[in-house]
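> coordinates only, sequence not included:
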């Protein structure tokens, strides 16, 4: 908390309400408001690529609330379920607004002073065509936020140097020069990112700030057109690029896939994990964890990447995991075609 200078809470509708800003993995930003006076919730659509609005199905209703330890669960009936880490106000879960089902992750905090975000971050992302969900793309990389927080240098598919002037590409086609961007706080408390790529400057997405117990967590509601003028949407998840000690993923975890689909659960201790696939298979398997290491299948080389970890029967067949806090992580799934959002359940 102190690292972010006690950021303000997301603005709620009244004194009996609590609000959270959510990044929907499909590429939207939603604000959910829970009013304890009547156990009623409302969802405000802050940004949508799908024409969603305040009249879309699921944007209002009633909720039930239960608390267990540090976690509060909001059940919204058929609309979905949200789980809040009461220590950090981090939230994750599944929601369906209109006809759009999505995994969501978010925060109860509005944007802090931008200079509080300075530093280098690891990120993982998943994007797809907005029109039909086609051409899914999952990847990782690093970006650096400038000391004043007003600019960002992004290396998709690579690592960034200390001066934030060059990328070391790890995948074919990844840039050697960082994408340059700027950030500005909007009146609704979100941060708008604008990025220049291929000499074209356009909005890159909305940035949300989490207060993590291991430092700031940045989530980006990503939207924009590619070189073929196809609208691409998705989400970026980022945490400070700091070496993992080897216990960050310990605990019981439940993961949700991009489309709001319940995925696997995992019990992790040190470098071992027991994974249970969802019904109907309920297949149970074991896996190894490799902290601060990622295997590049293209070059068949092991990369030393502080902060990332890999999970699989061997490093060469592993998937990438990025732990964002002690209660939130994202994991590569579907043979690299999807990115699941995982929350701790104990």
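Perfect, I can see it now. Please read these numbers as outputs of a predicted model, since none were measured by experiment.

> list the contacts of the most centrally placed residue in the chain.
Centroid-nearest residue in the chain, with C-alpha atoms, centre = their mean: residue 237, separated by 3.4 Å. Contact analysis of residue 237 by C-beta atoms under 8 Å, 6 or more residues apart in numbering lists 105, 123-125, 217-219, 322, 324, 330, 339, 341. For glycine as for every other residue, the C-beta is placed from the backbone atoms N, C-alpha and C.

> and if we set it to 7 Å?
123-124, 219, 322, 324, 330 (C-beta atoms under 7 Å, 6 or more residues apart in numbering).

> same thing with residue 83?
71, 73, 91-93, 343.

> in strands only, show me those.
71, 73, 91-93, 343 (DSSP state E).

> scan these and report the most crowded one.
The member of the ones in strands among the contacts of residue 83 surrounded by the most neighbours (other C-beta atoms under 10 Å) is residue 92, with 27 neighbours in all.

> could I get the pLDDT score of that residue?
On pLDDT, residue 92 comes in at 94.

> what stretches of this protein score poorly on pLDDT?
1-5, 259-261, 334-336 (pLDDT under 70).

> could you chop it up by domain?
Listed by automatic domain parsing, the domain ranges of the chain are 8-107, 114-240, 251-344.

> hang on, the earlier thing: tell me the SS of the residue nearest to the centre of the chain?
Secondary structure assignment for residue 237 (DSSP: H, G, I helix; E, B strand; the rest coil): strand.

> for it, name its beta-bridge partners.
residue 124, residue 219 (DSSP bridges).

> do you know how far it is from residue 44?
22 Å (C-beta to C-beta, to the nearest Å).

> do the same with residue 163
40 Å.

> more neighbours: the two, which one.
residue 44 (16 against 8).

> wait, what's in contact with that one?
Residue 44 touches 31, 54, counting by C-beta under 7 Å, 6+ apart.

> that one: which element?
strand 40-47 (DSSP states H and E).

> distance between the following helix or strand past that strand and the chain's centre?
Per DSSP H and E, the first helix or strand lying C-terminal to strand 40-47 is strand 60-62. The chain centre lies 25 Å from the centre of strand 60-62; the measure is C-alpha atoms, centre = their mean, to the nearest Å.

> which strands or helices does the next helix or strand after strand 60-62 pack on?
The element immediately downstream of strand 60-62 (helix or strand, assigned by DSSP H and E) is strand 64-68. Secondary-structure packing of strand 64-68 (3 or more C-beta pairs under 7 Å, 6 or more residues apart in numbering; DSSP states H and E): strand 71-75.

> partners of the strand it packs on in the sheet?
strand 64-68 (antiparallel), strand 80-85 (antiparallel).

> so it versus strand 40-47, what angle?
90 degrees (axes from the mean of the first three to the mean of the last three C-alpha atoms, to 10 degrees).

> columns distance to residue 282 on top of the ones in strands among the contacts of residue 83, output as TSV?
Output for the ones in strands among the contacts of residue 83, formatted as TSV (distance: C-beta to C-beta, whole Å):
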residue	distance to residue 282
71	24
73	23
91	28
92	23
93	22
343	20
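
> so the nearest residue to residue 339 once chain neighbours are set aside, which state does it fall into?
Closest residue to residue 339 apart from its sequence neighbours, by C-beta to C-beta, 6 or more residues apart in numbering: residue 126 at 3.8 Å. Secondary structure state of residue 126, per three-state DSSP, is strand.

> isn't residue 251 right up against residue 346?
Yes - in this structure residue 251 lies within contact range of residue 346 using C-beta atoms under 7 Å: 5.6 Å.

> who has more neighbours out of the two?
Just comparing residue 251 and residue 346: by other C-beta under 10 Å the higher neighbour count belongs to residue 251, 16 against 12.

> tell me how far the closest residue to the more buried one other than its chain neighbours lies from residue 42.
Among residues not flanking residue 251 along the chain, residue 344 sits closest, at 4.8 Å (C-beta to C-beta, 6+ apart). Distance of residue 344 to residue 42, computed by C-beta to C-beta: 28 Å.

> the more surrounded of the two?
The residue with more neighbours, out of residue 344 and residue 42, is residue 344; 22 against 16, by other C-beta under 10 Å.

> which residues does the more buried one contact?
251-253, 326-327.

> could the residues you listed be laid out in a markdown table, adding distance to residue 98?
Conversion of those to a markdown table gives the following (distance: C-beta to C-beta, whole Å):
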| residue | distance to residue 98 |
| --- | --- |
| 251 | 34 |
| 252 | 33 |
| 253 | 29 |
| 326 | 33 |
| 327 | 29 |
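
> just the closest of these to residue 224, please.
Of all the contacts of residue 344, residue 224 sits closest to residue 327, with 30.0 Å by C-beta to C-beta.

> can I assume that closest one is in contact with residue 84?
No - using C-beta under 7 Å, residue 327 makes no contact with residue 84, being 9.6 Å away.

> what pairs with the strand holding residue 44, and is each one parallel or antiparallel?
strand 28-35 (antiparallel), strand 60-62 (antiparallel).

> how many neighbours does the residue nearest to residue 339 have?
Residue 126 has 30 nearby residues by other C-beta under 10 Å.

> next one: residue 18
18.
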